[in-house]
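Student: Let's see this in three dimensions:
(chains A and B)
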Number of protein chains: 2
Amino acid sequence: MEMDVISLPSSRIHPENSPYVHKVCMPPKQKFIQEFTGMAKELFFPDDPLRDFRGQPRSRKIILGLQSVFPILQWGRDYNLTKFKGDLMAGLTIASLCIPEDIGNAKLANLSPQYGLYSSFVPPLIYACMGSSRDIAIGPVSVVSILMGNLLQDEFDPLKNKADYQRLAFTATFFAGITQAALGFLRLGFLIDFLSHAAIVGFMGGAAISIGLQQLKGFLGIKNFTKKTDIVSVMHSVWGSVHHGWNWQTILIGASFLAFLLFAKYVGKKNKKLFWVPAIAPLISIILSTFLVYITRADKKGVKIVNHIKKGINPSSVNEIYFSGKDLGKGIKIGVVAGVIALTEAIAIGRTFASMKDYQVDGNKEMLAMGMMNVVGSMTSCYVATGSFSRSAVNKMAGCQTAVSNIVMSSVVLLTLEFITPLFKYTPNATLAAIIIDAVLGLIDIEAALVIWKIDKFDFVACMGAFFGVVFASVEIGLLIAVCLSLAKVLLQVTRPRTAILGNIPRSTVYRNVQQYPEATKVPGILVVRVDSAIYFSNSNYVRERILRWLTDEEEQLKAKDQPIIKFLIIEMSPVTDIDTSGIHALEELHRSLQKRGVQLGIANPGSVVIEKLHTSKFTELIGDDLIFLTVADAVMTCAPKMVEA
Amino acid sequence: MEMDVISLPSSRIHPENSPYVHKVCMPPKQKFIQEFTGMAKELFFPDDPLRDFRGQPRSRKIILGLQSVFPILQWGRDYNLTKFKGDLMAGLTIASLCIPEDIGNAKLANLSPQYGLYSSFVPPLIYACMGSSRDIAIGPVSVVSILMGNLLQDEFDPLKNKADYQRLAFTATFFAGITQAALGFLRLGFLIDFLSHAAIVGFMGGAAISIGLQQLKGFLGIKNFTKKTDIVSVMHSVWGSVHHGWNWQTILIGASFLAFLLFAKYVGKKNKKLFWVPAIAPLISIILSTFLVYITRADKKGVKIVNHIKKGINPSSVNEIYFSGKDLGKGIKIGVVAGVIALTEAIAIGRTFASMKDYQVDGNKEMLAMGMMNVVGSMTSCYVATGSFSRSAVNKMAGCQTAVSNIVMSSVVLLTLEFITPLFKYTPNATLAAIIIDAVLGLIDIEAALVIWKIDKFDFVACMGAFFGVVFASVEIGLLIAVCLSLAKVLLQVTRPRTAILGNIPRSTVYRNVQQYPEATKVPGILVVRVDSAIYFSNSNYVRERILRWLTDEEEQLKAKDQPIIKFLIIEMSPVTDIDTSGIHALEELHRSLQKRGVQLGIANPGSVVIEKLHTSKFTELIGDDLIFLTVADAVMTCAPKMVEA
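Tutor: From the prediction side, this is the model:
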């Protein structure tokens, strides 16, 4: 008997089956406070951080607490020599990569070269103790450097106002750290999820282009170069100085070493075993070019060189930070922006590598670590440091096991600062430019853009918006565009949700979109409509009107084929995850207009939240409990016989 | 045989049934351009406005076109005497109501009384020709008046700078009209849907309070009254002037007539037939109080009176509008805000009454009509007019049939302007204050607020935010809060979507949330999870982590009861209306981590959009087509036997 109920193709059902129809249950009543705490928990503690603490003795809890703040206490205990071998190799490799990059990045941020190195010394140490990612390599990165460069030089001139500029840089770094730590501590990590993958791809690509363009200064040896980063003004000052101001020796050096670097990269791509070739290529080119310039004294012929790099480790910069005055505000503004961008990049990297090796990185914990390292950094003459795409990849390929590779790197940087910085005196800027150009090429991810285009057109728009925003306006504008477009997409989806007519899949009680399943057949006299979104104020009127339009269209078709007219309209509610007061009003109005047209409104499979609200709002009484069904099949089963009677 | 397939409780299925499992279909491939146009159509033309035009001869099309711009051409043709009787009665009733209200509203906007009357003369005529609502009554309304009053007096002092103030008012009105017309013409009507019902309830309530507070000036006869509208500063200036400046005669008049009005309203409520009592009460009180003051010469005793109202109909104000200069910008800013608010109120009213009498109002067409009437208005000395809640209600109760009632009203206003304005000279402001207070009481909808609280707590927060924003800060702030909270809610829902574990409902192939349906039983070794939202960048990581958490929790429980461990994880995708690149990445990562834990990932009932994207992104190949099912039942049916084997 029961078997019949379910097995009968729903189009020919006998009334006596109705008793077997399942009823929609009300969820267990929740108090407002429960509801609220539940929501808050999912919002702020989705990862259930206190899971391990439960039912542990006090002493254990303290240890666990320390371990959760300093993961090194956890993985440090089973650290061994084999792991260290891997970390040592990896550390040395990324060190050789980071030293030249740091000097170049410092230039992007309009800071003297040593600050780049400083920022690769202290922050990695802090991160090694507090971070939860094993593969991420910490240091200043080009995107954040150019972003800070832009924002800072709007406030102070980096040449005329060197001191103020630096102070503001440290202030911004401090507040970048505070922002990151705060986001992590307040469990607001989810906020950075609002930068969509597509937006980041576009943003990174754009940033890479504008960073590359900035390098033309050092690459062509142009003296008076624009401060702007948009392609138009850069190209303008490049062509403006084509006759005077380009320096052929510089170009020669830059071009040849760029060629060398690209070749090294090619080798590394060809043979994964030789990954270290592109990794140490930058250092080699630094050494070669420095030596070259030293013997040829090309600097006399107008080849710009690094000149003096201050020797010795990070001086304290605590009392350089603005904690008051009008510059405090500027510092906070810049810090927040730079901090969030740095965070986005770091978290993206952390997640990528974590999922490769299948371990979890705790977003909020990461933010706390990043924040702390930048706060400490800002007091030791560092500017904003974060995880670098290129270096982290090298780090992984070089076989890093834990964050110890960061410690190795920073000790190498320490030695460099202490002893060999003077040797960089004759390093030509052109080589640094070549190194940066080579590095940022990796940020342009055309495959990703293509995939995005294939999969989701709107994502692609967001991606391109961010890209062109950065290239033609500025890094900040591009960022703004990216966020706005990302949000617009979400809002669009809840403003114009999809709706579909459902039909019965032959030999089943399943009802599916007739457009997706051509074999699905509509039930005579019963129109089944599915609404593909929560029904909110932003779409309630649309949903109401759209459903009525489906009905009208359907009735016209039926008239044409003079088939039985529609007597029941069933709304399949499975995708309707939530409803608000506006939504319920819309349903009530829909019910009213349907009654005027002699059509009965029915509802199939309302979720727990929805049925509860429909109940409290008395909507269930309005249409009658017997018109609320567990499944579309049940609905048809109940309504079909009434059709026959009618 | 088939019957077995479907009827067997899914927990005991035999492998040989598998062949009967239905496959998920790919939707018919769409070109990007089709997709895009389809989306654009739903966004901008959900009502399919050209439906009637199709397949009509050119001549007919022209007529239809004219009719769609001027609906009067349509309903005018079958207009008859019976209808006119209704409209005449209604028109006269709302006229008697609007005249005193207009004078009061003009005061709220810091304009001389006649401008209120002007605005009830021209705009209703325009609307009658272009509007599609039959019940709405057009004229200046208190909320928009106070909003304009606030915004305008921030720019110019209404007393010292009368001329500039008026010019700016007309400019704002002009651009309010342009904004409204543009929104309608560009089919952007859906934008005003972003003000949720809850937000509007709160906003209106707050506005009513602050309008009421403003009336204390006239009601108590206070001379130097604050310009601010927030409760704190108003109360301050009320108590500040308690010893000197309150005028007992004024209070006596105000209080007695307020009592009269409230009594009239009470009578109207008690007996619906006597609806005209509260409708004409204001006019009666005007006449009585005016007469009273005239004979007692109370104005000599400090009772403020209206004094001179300019006689004659609207003068032209074309050349008073700022079309250039710095005031143009101010005008545009104020106009946009006032226009949108006016629109929100009007559309809300139009929809309410339309759904009562079951006819459609075309939102975009309404906006065009409102826009035109305000543009013309701004050139004939009117300020922003829109549909009024109170008057429209009276209009309907008085039995209006068409927009002709508006024409009747405006002709009465015309006569008033031409002949009887001088008689208002002795009308005491206290009576006007009483009338406005009585009018705005209707805007405070406590029942609605309670319903919102019952149904949706977050909606209630938005409602209260708007309310307190208006009462304690200002109308604009309240509005801003309302919009932000409304959007925050939508974003929250896509940031932390609900997820649920599904179980099999006994004697069916139906799977439902085990929390909502206690009798639903989980299938041993198979975990069925439902995700209640589109999977987007904003929630992809959360969804991934949440699903893994479900799995972990489940496995812990199973271990405790040493039951078979989970071998399959099925994601029920029915509510997943869309997925983007971030979402697909999340699924891929989920698949990877599951494999590491020896769990197979399966997907049930992906929608057309989703399956298409999963296919193009090769995700289907990654997990295998045989693990993508039409229903959860099918999935269980296929996986259960494999459990047995395992």
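Student: rest of the way, CA atoms for contacts and neighbours
Tutor: OK.
Student: So what's the gap between the helix or strand where residue A:586 lies and the chain middle?
Tutor: Assigning secondary structure by DSSP states H and E places residue A:586 in helix A:581-596. Offset of helix A:581-596 from its chain centre (CA atoms, centre = their mean, to the nearest Å): 40 Å.
Student: Identify each buried residue in that helix, please.
Tutor: A:581-594 (16 or more other CA atoms under 10 Å in any protein chain shown).
Student: How many residues are close by residue A:446?
Tutor: Number of residues near residue A:446 (other CA atoms under 10 Å in any protein chain shown) recorded here: 12.
Student: separation between it and chain B?
Tutor: Residue A:446 is 15 Å from chain B, where distance means CA to the nearest CA, to the nearest Å.
Student: ditto for residue A:209
Tutor: According to CA to the nearest CA, residue A:209 and chain B sit 23 Å apart.
Student: And residue A:582, by the same measure?
Tutor: Distance from residue A:582 to chain B, by CA to the nearest CA: 6 Å.
Student: Could you pull out the helices in the stretch 351-500 of chain A for me?
Tutor: Along the stretch 351-500 of chain A, the stretches classed as helices by DSSP state H, counting those that start in this stretch are A:363-379, A:389-397, A:404-415, A:429-441, A:446-455, A:457-468, A:475-495.
Student: what separates the first one from the chain centre, distance-wise?
Tutor: Offset of helix A:363-379 from its chain centre (CA atoms, centre = their mean): 18 Å.
Student: Also stretch A:70-87?
Tutor: Computed by CA atoms, centre = their mean, the chain-centroid distance of stretch A:70-87 equals 29 Å.
Student: picking up where we left off before, looking at the helices of the stretch 351-500 of chain A, which one is packed in the most?
Tutor: helix A:363-379 (a mean of 27; mean count of other CA atoms under 10 Å in any protein chain shown).
Student: got the contact list for the single nearest residue of chain A relative to chain B?
Tutor: Relative to chain B, the nearest point of chain A is residue A:575 (3.7 Å; CA to the nearest CA). Residues in contact with residue A:575 (CA atoms under 8 Å, 6 or more residues apart in numbering or on different chains) are A:530, A:531, A:532, A:533, A:534, B:532, B:533, B:574, B:575, B:576, B:577.
Student: For it, give me the backbone phi and psi.
Tutor: Note on residue A:575: backbone dihedrals following degrees, to the nearest 10 are phi -80, psi -10.
Student: now the spatially closest residue to it that is not a sequence neighbour: how far from residue A:477?
Tutor: Excluding the flanking residues, the one nearest residue A:575 by CA to CA, 6 or more residues apart in numbering or on different chains is residue B:575, at 3.7 Å. Separation of residue B:575 from residue A:477 (CA to CA, to the nearest Å) stands at 35 Å.
Student: Equivalent analysis for residue A:58, please.
Tutor: Remark: distance between residue A:58 and residue A:477 (CA to CA) = 50 Å.
Student: Go ahead and confirm residue A:432 touches residue A:104.
Tutor: Yes: using CA atoms under 8 Å, residue A:432 makes contact with residue A:104 at a distance of 5.6 Å.
Student: Can you name every helix or strand that the helix or strand where residue A:334 lies contacts?
Tutor: Take DSSP H and E as the rule and residue A:334 turns out to sit in helix A:326-357. Packing partners of helix A:326-357 (3 or more CA pairs under 8 Å, 6 or more residues apart in numbering or on different chains; DSSP states H and E): helix A:142-153, helix A:162-185, helix A:363-379, strand A:386-387, helix A:389-397, helix B:581-596.
Student: Convert the C-alpha atoms of the first one to CSV, please.
Tutor: Output for helix A:142-153, consisting of C-alpha atoms alone and laid out as CSV, is shown next (Å, rounded to 0.1, in the frame of the first residue of the first chain):
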residue,chain,number,x,y,z
SER,A,142,55.7,44.3,-4.3
VAL,A,143,51.9,44.8,-4.3
VAL,A,144,51.8,46.2,-0.8
SER,A,145,55.0,48.1,-1.3
ILE,A,146,53.6,50.0,-4.4
LEU,A,147,50.3,50.5,-2.6
MET,A,148,52.0,52.1,0.4
GLY,A,149,54.3,54.0,-1.9
ASN,A,150,51.2,55.6,-3.6
LEU,A,151,49.3,56.3,-0.5
LEU,A,152,52.3,57.7,1.4
GLN,A,153,53.5,60.0,-1.3
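Student: Which residues does stretch A:82-101 contact?
Tutor: Contacts for stretch A:82-101 (CA under 8 Å, 6+ apart): A:117, A:120, A:137, A:139, A:276, A:279-283, A:286, A:391, A:394-410, A:412-413, A:432, A:435-436.
Student: Same question for stretch A:276-290.
Tutor: Contacts of stretch A:276-290 (CA under 8 Å, 6+ apart): A:93-94, A:96-97, A:99-100, A:253, A:257, A:260-261, A:264-265, A:267-268, A:394, A:398, A:424-428, A:431-432, A:435.
Student: What subset of the residues you listed is buried?
Tutor: With burial judged by 16+ other CA under 10 Å, the buried subset of the contacts of stretch A:276-290 is A:93-94, A:96-97, A:99-100, A:253, A:257, A:260-261, A:264-265, A:267-268, A:394, A:398, A:424, A:426-428, A:431-432, A:435.
Student: quick one: residue A:582 and residue A:543 touch, right?
Tutor: No: counting by CA under 8 Å, residue A:582 stays clear of residue A:543, with 11.2 Å between them.
Student: where's stretch A:534-541 relative to the chain centroid, distance-wise?
Tutor: 28 Å.
Student: Only alpha carbons, please: show it as PDB.
Tutor: Included here for stretch A:534-541 are C-alpha records, laid out as PDB according to Å, rounded to 0.1, in the frame of the first residue of the first chain:
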ATOM      1  CA  ALA A 534      15.500  33.500  -0.100                       C
ATOM      2  CA  ILE A 535      12.500  35.800  -0.500                       C
ATOM      3  CA  TYR A 536      13.600  39.100   0.900                       C
ATOM      4  CA  PHE A 537      12.500  42.800   0.600                       C
ATOM      5  CA  SER A 538      14.900  43.100  -2.200                       C
ATOM      6  CA  ASN A 539      13.100  40.600  -4.400                       C
ATOM      7  CA  SER A 540       9.700  40.000  -2.900                       C
ATOM      8  CA  ASN A 541       7.800  42.100  -5.400                       C
END
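Student: show me what contacts residue A:189?
Tutor: Each residue near residue A:189 by CA under 8 Å, 6+ apart is listed here: A:183, A:363, A:364, A:367.
Student: count of neighbours near the nearest residue to the last one once chain neighbours are set aside?
Tutor: If the residues on either side of it in the chain are set aside, residue A:367 comes closest to residue A:184, at 4.8 Å by CA to CA, 6+ apart. Residue A:184: 22 surrounding residues under other CA under 10 Å.
Student: who's in contact with residue A:258?
Tutor: By CA under 8 Å, 6+ apart, the residues touching residue A:258 are A:431, A:434, A:435, A:437, A:438.
Student: how about 7 Å then?
Tutor: Listed by CA atoms under 7 Å, 6 or more residues apart in numbering or on different chains, the contact partners of residue A:258 are A:434, A:435, A:438.
Student: what helix or strand is it on?
Tutor: helix A:248-270.
Student: Many thanks, have a good one.
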